[in-house]
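Asker: here is a sequence together with a model predicted from it:
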Amino acid sequence: MKTKLAVAVTVVTVFLCAAPAFAQTNAANYAFSTTVSGSLTDMSRGTTQLITADQDDVASPVTLIGFDFFFMGVRQDRFSVNSNGTLRFGATTIGTTLYDPLAQAGQALVTAYGADQRTHAGNGKVHFKVIGSAPNRTLVVEWLNMQADFNAGGTADLTYQLRLTETAGTIEFAYGSMSMSAADVNSQSPQMGFSSNNAVGTVGSVTAAQSGAPPPTFSGASATRQQPLRHGNDPSSHVRRRWLAPHLPADASRGQSTRRPAHVHGSQVDRHDPQLDRLLE
C-alpha cells in the first residue's frame with residue numbers, strides 16, 4: 001500500500017530547547033501532538049550528499065551541523081547518519097547496523113524511520129542542506145528513495161526528512177511516499193523517536209497500532225522504546241507529529257505562537273487530528 005506522510009513545520013516534530021537555561025533533559029516532559037498537513041522541504045538543489053545510491057549498512061562521515069543545536073540538554077554541533085534512517089550527534093560516527101536504534105547506551109540518536117533499509121540503486125541517497133538564516137537556521141537531512149527491503153534490486157519505497165531547527169531546538173520528521181515492501185525481521189518494525197541513553201527519561205518513542213485505532217501515542221517515561229510501526233501498515237497520508245519541550249523562551253522559535261499548543265509548560269500533551277485514525281491502515 002502506497003501512502004504519503006508529509007510535514008512542513010510539524011510532521012513528527014520534537015521541540016527541544018536551544019539554550020542551557022531552557023534545555024530539556026527528560027523525554028517525559030516533551031509534549032506530543034500530531035496532525036495531517038504539511039510538505040517536504042525542496043531538496044532538488046543545493047544539497048550535499050552523505051550516502052550514495054545502492055548502499056546497505058553504510059554510515060556518513062561526521063559532518064558539522066552549521067550551528068549549535070541543543071538536544072536533551074546538551075549542545076551539539078556535528079552529526080553523522082546511516083543508511084538505516086538514524087542520525088547520531090557528536091564526534092563518533094554512527095553505527096552501520098542500528099536496526100533498532102532507540103535506547104542505545106551513551107548515544108544521542110534521532111530516527112524518523114529506524115529499520116534495516118538501503119539506498120535505491122537508481123536514485124537513492126541521503127543528503128542534506130541548511131536553510132534559513134541565523135538565528136533560525138534549519139538543518140534538513142533527507143533519506144531519498146530508500147528501499148524498505150534492504151536486498152539489492154528492490155524498489156524505491158520510502159522518502160522522509162529529519163529537520164533540526166536552531167534556537168527553537170525543534171526536531172521534525174517529514175514523510176513523503178512511504179510503502180513498506182516485504183523484508184526481514186530487522187525491516188518490519190521501524191522505530192520513530194529520539195534517545196540519549198537507555199535509562200528512564202532518556203527515550204522518547206511513538207506507539208502506533210496496526211489497525212490505526214487507537215491513535216498513535218508518545219512515551220518519554222521508559223528506558224526502552226515503545227512498540228513501533230508494524231510491517232505492512234504504513235504511516236497514513238500527510239500525518240504530522242509534534243513534540244514540544246516545556247519552558248521555551250517566548251521568542252525561541254520562528255512563528256512559535258502560531259505553531260505550538262499554548263499549554264506546553266511542564267506537561268505532556270498528546271494532540272491528535274481525527275484523521276490520524278487512518279494511521280497504519
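Answerer: Cool, got the structure.
Asker: any regions of the stretch 101-250 of the chain where pLDDT drops low?
Answerer: 182-183, 208-213, 224-250 (pLDDT under 70).
Asker: in it, which spans are strands?
Answerer: Along the stretch 101-250 of the chain, counting by DSSP state E, counting those that start in this stretch, strands occupy 109-114, 118-119, 125-131, 138-147, 158-165, 170-178, 191-195, 203-207, 217-222, 240-244.
Asker: any chance of these in TSV, plus mean neighbour count?
Answerer: Heads up, the C-betas are built off the backbone N, CA and C, glycines and all. Formatted as TSV, these follow (neighbours: other Cβ atoms under 10 Å):
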stretch	mean neighbour count
strand 109-114	27
strand 118-119	24
strand 125-131	20
strand 138-147	24
strand 158-165	26
strand 170-178	25
strand 191-195	28
strand 203-207	24
strand 217-222	20
strand 240-244	29
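Asker: now these in TSV, with distance to residue 76?
Answerer: Below are the strands of the stretch 101-250 of the chain laid out as TSV (distance: least, Cβ to Cβ, whole Å):
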stretch	distance to residue 76
strand 109-114	10
strand 118-119	25
strand 125-131	14
strand 138-147	10
strand 158-165	9
strand 170-178	11
strand 191-195	12
strand 203-207	16
strand 217-222	19
strand 240-244	17
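Asker: ok, residue 194 - contacts?
Answerer: 14, 27, 71-72, 102, 109-111, 171, 203-205 (Cβ atoms under 8 Å, 6 or more residues apart in numbering).
Asker: ok, 10 Å please
Answerer: Listed by Cβ atoms under 10 Å, 6 or more residues apart in numbering, the contact set of residue 194 reads 14, 16, 27, 30, 71-72, 86-87, 101-102, 108-112, 171, 173, 202-205, 220, 225, 243.
Asker: could you do residue 130 as well?
Answerer: Residue 130 sits next to 46-48, 64-67, 137-140, 164, 166 when contact means Cβ under 10 Å, 6+ apart.
Asker: which of these sits closest to residue 158?
Answerer: Proximity of those to residue 158 (Cβ to Cβ) peaks at residue 140, which lies at 16.4 Å.
Asker: quick check: that closest one touching residue 174?
Answerer: Yes: in this structure, residue 140 is within contact of residue 174 by Cβ atoms under 10 Å, at 8.5 Å.
Asker: what is in contact with the two at once?
Answerer: Residues touching both residue 140 and residue 174 (Cβ under 10 Å, 6+ apart) are 40-41, 161-163.
Asker: need the max-distance pair from these.
Answerer: Largest separation among the shared contacts of residue 140 and residue 174 by Cβ to Cβ: 40 and 162, giving 11.4 Å.
Asker: mutual contacts of those two, please.
Answerer: The contact sets of residue 40 and residue 162 overlap at 140, 142, 174 (Cβ under 10 Å, 6+ apart).
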